[in-house]
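1. below is the sequence, then the predicted model.
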Amino acid sequence: PWDTLRNHSAYFFFPWTPGSTRPFVQPVWRIVLWAIAYSGIVIVSVVGNVTVIWIITAHKRMRTVTNYFLLNLAFAEASMSAFNTVINFTYAVHNEWYFGLVYCRFHNFFPIAAVFASIYSMTAIALDRYMAIIHPLQQRMSSTGTKVVVGVIWILALLLAFPQYYYSNTSQFPDRVICYIEWPDLMGIKNRKHSKYYVCVTILLYFLPLVVMGCAYLVVGLTLWASEIPGDSSDRYKEQLTAKRKVVKMMIVVVCTFAICWLPYHVYFLLYQFFPDMFEKQFIQQFYLAIMWLAMSSTMYNPIIYCCLNDRSVNI
């Protein structure tokens, strides 16, 4: 029954329809168009991010602090695009889970970990840029230190996502199988604490890192763009200042793109936690597919941004 299922929500899935019926049936032509749109994300994201990974790992001069974090960002985005995008689309369209309990747990678990790794890689870059520009005399993070930070990011990401893995389950209905999060009851009383979990996830995956990056890049931007290049400055100084500005501008575009792509999705799930009745309307499936496409598309833009905004001669 719907009253039971609405307490078994999952952060990266379309909220299930009442009972075991399927009122959200789409015409074939519309499904084909959505399938093309989602497939395009996977192709562009995987090819682009794998190319970024190859460029950084194959060229020693590219192995800088910033690029190690970009490498981690590319890995997280390529992985999420390859392992989750098409499956999530299939489930949202058919309202039926075809992939078994093991993949249900992985599919509930991995996106949160990947998004956490992505956004905190961006945050680490912002803080590294802040230290390099605002405190240039202090020692930069070493290669080993960067790898340790990347490892810590993934450990925290896995810990944050673990509840979604642990409580994932599948259930057989008369006409379909669903994959959902079966949050535990406390003393026979329906536990709504999972709503607090999703609020915390949204804060940690979106609002907190964006505030940190916004403050860091605001200070860095004011410092760099307030610095006029003196007429008698050496060519080396001019090149360094121009290069710093290019890198910061590129990363600001990356962060803004992420923020725009994920904002509707986070708002959607926050509203669902507190106003579930709003999501029983016929139009909600199309709305969800649109905002999910926008969120998943965030995985394909970064390689394009790097290509357009980063001068190959600049070692970032």
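-> Cool, got the structure. Numbering: from 1, shown residues only.
2. what's the longest helix in this structure?
-> Using DSSP state H to define each element, the chain has its longest helix at helix 235-274.
3. show me where the stretch 101-250 of the chain has helices.
-> For the stretch 101-250 of the chain, the helices defined by DSSP state H, counting those that start in this stretch occupy 143-166, 193-202, 208-225, 235-274.
4. which one, of these, ends up nearest to Pro174?
-> Closest approach to Pro174 among the helices of the stretch 101-250 of the chain (CB to CB): helix 235-274, 25.3 Å. Glycine gets a C-beta too; all of them are placed from N, C-alpha and C.
5. next, the angle helix 235-274 makes with whatever helix or strand comes next after that closest one.
-> As assigned by DSSP states H and E, the chain's next helix or strand after helix 235-274 is helix 284-309. Helix 284-309 runs at 170 degrees relative to helix 235-274, counting by axes from the mean of the first three to the mean of the last three CA atoms, to 10 degrees.
6. returning to that earlier point: nearest to Ile43, out of the helices of the stretch 101-250 of the chain?
-> The nearest among the helices of the stretch 101-250 of the chain, by CB to CB, is helix 235-274 at 17.6 Å.
7. packing partners for that closest one?
-> In terms of contacts (3 or more CB pairs under 8 Å, 6 or more residues apart in numbering; DSSP states H and E), helix 235-274 is packed against helix 100-134, helix 193-202, helix 208-225, helix 284-309.
8. okay, those, which one's buried deepest?
-> Stretch with highest mean neighbour count among those: helix 100-134 (a mean of 21; mean count of other CB atoms under 10 Å).
9. now for that helix, which elements pack on it?
-> Packing partners of helix 100-134 (3+ CB pairs under 8 Å, 6+ apart): helix 65-80, helix 86-94, helix 143-166, strand 168-172, strand 177-181, helix 208-225, helix 235-274.
10. pick the most buried one from the ones you listed.
-> Taking mean count of other CB under 10 Å, helix 65-80 is the most buried of the helices and strands packed on helix 100-134, at a mean of 24.
11. what residues does Thr266 make contact with?
-> I think there's a mix-up here, since residue 266 is His and not Thr. By CB atoms under 8 Å, 6 or more residues apart in numbering, the contact set of His266 is Thr202, Leu205, Tyr206.
12. next one: Gln26
-> Trp34, Val93, Gln285.
13. so what's Leu309 closest to, chain neighbours aside?
-> Spatial nearest neighbour of Leu309, excluding adjacent residues (CB to CB, 6 or more residues apart in numbering): Met250 at 4.2 Å.
14. so for the one you found, what's the pLDDT?
-> Per-residue pLDDT puts Met250 at 89.
15. what does Ala132 give?
-> On the pLDDT scale, Ala132 gets 86.
16. which ones are touching it?
-> By CB under 8 Å, 6+ apart, the contact set of Ala132 is Arg140, Lys244.
17. and for His59?
-> Applying CB under 8 Å, 6+ apart, no residues contact His59.
18. read off the pLDDT value for the residue nearest to the spatial centre of the chain.
-> Closest residue to the average C-alpha location of the chain: Val115 at 3.3 Å, with CA atoms, centre = their mean. The model reports Val115 with a pLDDT of 94.
19. also Tyr98?
-> Reported pLDDT for Tyr98: 90.
20. same question for Val52.
-> 93.
21. could you do Leu218 as well?
-> For Leu218, the model assigns a pLDDT of 92.
22. would you quantify the distance from it to Arg245?
-> Using CB to CB, to the nearest Å, Leu218 is found at 15 Å from Arg245.
23. what separates Asn88 from Phe75, distance-wise?
-> On the measure of CB to CB, Asn88 and Phe75 end up 19 Å apart.
24. all good on my end, thank you.
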